[in-house]
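1. Next input, structure requested:
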Amino acid sequence: MISLEPDENRFERTRVVNEARAHGEAHRAPGGIGWTNIYVAPAPPVALETRAITPAALRDALCGEWIAVGKLVTGYSSHREDIVGGYAFRLREEHAVIYGTAGAHVTSINITRCPLEIADTLYRVGVTFRLILCDLWTDQVVDLAALPAIARYLADS
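-> Next up is the predicted model:
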């Protein structure tokens, strides 16, 4: 899962990704395929709602480069379920999607994948709303106010 969170969470999220990495190594299944136990990341101490980002403000920060998707669904196999309050934007030529939930304010911001083309978007959203990126797939925390850090992250993704 790749999420954008308030930058006050940086040190705690760094601890979490290190803990998740150690947990994964300690619980690797015999034969190397899968794990024998799961790691459940704790909720961040500072919630995204504290930023009071409106859906319109997020859309504006995406600068028209991202296209709104009609509805957000979740599911497995053939089962599909609408996400109440869900939103999603996709990059025009890429398969990258920024999605999450919102009411009066945005409650979560996630990304499906991170091609090099989204560096400017990550920087703009990060600086505008003072956010970090927490990637629990690759065990990384990225300062979104630093273009070199974003470039290193995207090059490794």
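
2. What pairs with the lowest-mean-pLDDT helix or strand in the chain, parallel or antiparallel?
-> Counting by mean pLDDT, DSSP states H and E, the weakest-scoring helix or strand in the chain turns out to be strand 73-76, with a mean of 78. Looking at strand 73-76 with DSSP bridges, its partner strands are strand 79-82 (antiparallel).

3. Which helix or strand lies directly C-terminal to the partner strand?
-> Tracing the chain C-terminally past strand 79-82 and defining elements by DSSP states H and E, one meets strand 86-91 next.

4. Contacts for that next one next, please.
-> Contact partners of strand 86-91, identified using CB atoms under 8 Å, 6 or more residues apart in numbering, comprise 55, 59, 62, 65-69, 71-73, 96-102, 115, 117-118, 121. Where C-beta positions appear, they are placed from N, C-alpha and C, glycine not excepted.

5. So what's the gap between the helix or strand following that strand and the chain middle?
-> Using DSSP H and E, the next helix or strand after strand 86-91 towards the C-terminus is strand 97-102. Relative to the mean C-alpha coordinate of its chain, strand 97-102 is positioned 9 Å out (CA atoms, centre = their mean, to the nearest Å).
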